[in-house]
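Visitor: take this sequence and fold it.
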Amino acid sequence: MSNQLSKCHLRECLQAEVMKSDKKFSWSRVLHKALKCPERRFNFWWRIASYLYSTDVKWKKQLARRINRKLVQKYNTEIQLPATIAPGLHITHFTSVVINGCVIIGRNFKIRHNCTIGIGGGIKNEGSNPRITIGDNVDLGVGTSIIGNNLTIGSNVTIGAMTFVNKDIPDNTVAYNEKKLILKFRHS
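Guide: The predicted model follows:
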């Protein structure tokens, strides 16, 4: 991504996630919202770290890693810096959210606590480039795990709570695991 393109992406993300407004972008508005609204600070700092990481300057990458480590410590949410996430990221609760760096996520992605998106198993083939691609307007329920290599989750998908996904999901789908509670009573 070119530097100019990544600056435009940063501004678009900050406007959608921190300003949450159609008003013209300004750094003073972004900083005001980041300071005033604690729930928007994570997105502010992660977007800054992601932008710094995307450069080829060594000290900026080191600063990005330091910011990300602090975010993991404070929010218990780990989004690896190589992850590509379009504007509209919404994390409802910052507890135990993990997103691998091999993930490409579309616009208006909503994720809840205890969710994991990651590459499954060891990568044995040299030169293989595993990816998980998630479309626009995807909503993950609590405790969802998306694990696999080269998975595609379509656009306008809702994935229910406690769902394990290891297969592609087409557009305009509601996906969930049907679970049954089995009670066995012991007789004493």
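Visitor: may I see the buried residues of stretch 24-35?
Guide: Using 16 or more other C-beta atoms under 10 Å as the test for burial, stretch 24-35 gives 29-30, 33-34. In short, each C-beta sits where N, CA and C put it, glycine included.
Visitor: tell me how far it lies from the chain's centre.
Guide: Relative to its parent chain, stretch 24-35 has a centroid offset of 22 Å by C-alpha atoms, centre = their mean, to the nearest Å.
Visitor: how about the CA coordinates for it, as CSV?
Guide: Presented in CSV, the C-alpha positions along stretch 24-35 are these (Å, rounded to 0.1, in the frame of the first residue of the first chain):
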residue,chain,number,x,y,z
LYS,A,24,-15.3,16.7,7.5
PHE,A,25,-12.2,14.9,8.9
SER,A,26,-9.9,16.9,11.2
TRP,A,27,-7.3,15.7,13.6
SER,A,28,-8.6,17.9,16.3
ARG,A,29,-12.0,16.2,16.1
VAL,A,30,-10.4,12.8,16.1
LEU,A,31,-8.2,13.6,19.1
HIS,A,32,-11.2,15.1,21.0
LYS,A,33,-13.3,12.0,20.5
ALA,A,34,-10.3,9.7,21.3
LEU,A,35,-9.8,11.5,24.6
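Visitor: re earlier: keep only those of the buried residues of stretch 24-35 that are in helices.
Guide: The members of the buried residues of stretch 24-35 that map onto helices under DSSP state H are 29-30, 33-34.
Visitor: include pLDDT when you put those into a markdown table, please.
Guide: What follows is these, written out as a markdown table (pLDDT from 0 to 100):
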| residue | pLDDT |
| --- | --- |
| Arg29 | 95 |
| Val30 | 96 |
| Lys33 | 95 |
| Ala34 | 95 |
